[in-house]
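>>> sequence unavailable; structure follows:
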């Protein structure tokens with residue numbers, strides 16, 4: 001079981017194809033969070049083999065996309081590239097960067113993976129419970145700008161057109177990893193599965209005898225509170241971006257870990273953004289982008305997308321008052337009180 005936590009439900013379910021499926025749960029820490037896999041398989045051996053392969057795929061992506069390991073492909077590229085120095089990269093890194101750049105263009109930079117230098121300053125600020133030095137922040141902002149990431153997808157190269165740029169894929173990598181893990185499970189014959197990367201959730205076919213997975217949305221005001229809203233979903237993804245656990249309060253102002261790339265400052269309105277999308281990389285990155293755009297602009301942006309399968313719910317708290325804003329598509333899939341037991 002490669003060090004994974006495994007639990008098996010007592011119940012045995014009959015699948016439409018005639019085989020008996022049991023529920024298995026696995027977890028491993030990856031990408032700085034706990035990844036959980038819930039799947040239905042005909043036996044323990046099949047479940048273990050599929051989960052092991054899925055976690056290996058996540059581990060490989062972690063080694064490629066992380067900015068916490070100096071030897072990751074991402075950070076090696078950042079060190080090696082610069083103006084006039086395109087660097088060849090692997091398929092995974094190119095795929096994630098291509099998606100990120102498309103979203104940056106569409107949101108006019110509300111989503112920007114070049115935010116690395118500023119994100120690094122704010123991580124230190126949260127630990128020290130103080131604001132970043134203003135002069136240092138101004139200096140580091142000169143190293144930021146999605147338009148300076150130049151991709152050549154034919155040659156599979158990346159050129160960072162400003163010196164000393166530092167990319168941070170924290171707002172997109174976990175979603176991609178969840179998608180890839182779910183694909184690996186499918187390749188092993190496991191169709192009924194869910195991969196949860198600490199709120200970035202990729203969903204396959206629903207549990208046996210059910211029409212969907214039941215996903216709870218936690219209330220914004222109560223950290224660790226029980227979900228009060230539920231979604232019934234299958235064969236799609238859902239991701240939530242919020243600052244309930246990562247923020248710093250300085251002189252009475254609450255600064256989120258989510259940074260506006262244009263100002264270099266942490267957001268000061270407490271919010272939680274939940275996005276439902278066809279894939280988890282899209283849901284993950286859109287949740288970050290909508291957080292920066294704000295409720296009205298964010299919902300309008302999602303509603304203008306050609307893909308009508310994407311939906312968003314924004315919960316904010318300002319001056320002690322909670323407010324909900326949702327896209328029209330979210331209203332179609334929302335379920336306030338689900339009768340189906342949690343999965």
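It's in. None of these values were measured; they are calculated from a predicted model. Numbering: from 1, shown residues only.

>>> quick one: the helices in the stretch 201-343 of the chain, in order.
280-293, 295-303, 328-333 (DSSP state H, counting those that start in this stretch).

>>> which of the ones you listed sits most buried?
helix 280-293 (a mean of 28; mean count of other Cβ atoms under 10 Å). All C-beta atoms are positioned from the backbone trio N, CA, C, and that covers glycine.

>>> neighbours of residue 32, just the number please.
13 (other Cβ atoms under 10 Å).

>>> try residue 124
12.

>>> leaving out chain neighbours, which residue sits closest to it?
residue 132 (7.4 Å; Cβ to Cβ, 6 or more residues apart in numbering).

>>> report the secondary structure state of that neighbour.
coil (DSSP: H, G, I helix; E, B strand; the rest coil).

>>> pLDDT score assigned to it?
pLDDT, residue 132: 88.

>>> so it touches residue 122, yeah?
Yes: the pair residue 132 and residue 122 qualifies as a contact (Cβ atoms under 8 Å) at a distance of 6.2 Å.

>>> give the contact list for the residue most central in space within the chain.
In the chain, the C-alpha nearest the mean C-alpha coordinate belongs to residue 284, at 3.3 Å (Cα atoms, centre = their mean). Residue 284 makes contact with 171, 172, 174, 175, 176, 178, 200, 237, 239, 241, 275, according to Cβ atoms under 8 Å, 6 or more residues apart in numbering.

>>> which ones are touching the fifth one?
Residue 176 makes contact with 61, 65, 92, 95, 96, 99, 280, 281, 284, according to Cβ under 8 Å, 6+ apart.

>>> so how far is residue 122 from it?
23 Å (Cβ to Cβ, to the nearest Å).

>>> and the first one, by the same measure?
Distance, residue 171 to residue 122, by Cβ to Cβ: 14 Å.

>>> so which of these two has more stuff around it?
Taking neighbours as other Cβ under 10 Å, residue 171 and residue 122 compare with residue 171 leading, 27 against 23.

>>> so the more buried one touches residue 116, yeah?
No: counting by Cβ under 8 Å, residue 171 does not reach residue 116; the two are 11.3 Å apart.

>>> report the longest helix in the chain, please.
helix 44-65 (DSSP state H).

>>> residues touching it, excluding its own?
Against helix 44-65 from outside (Cβ under 8 Å, 6+ apart): 1-2, 4, 6, 8, 22, 24, 26, 28, 30-31, 35, 37, 39, 41, 69, 72-74, 90, 92-93, 96, 169, 173, 176-177, 180-182, 184-185, 187-190, 195, 197.
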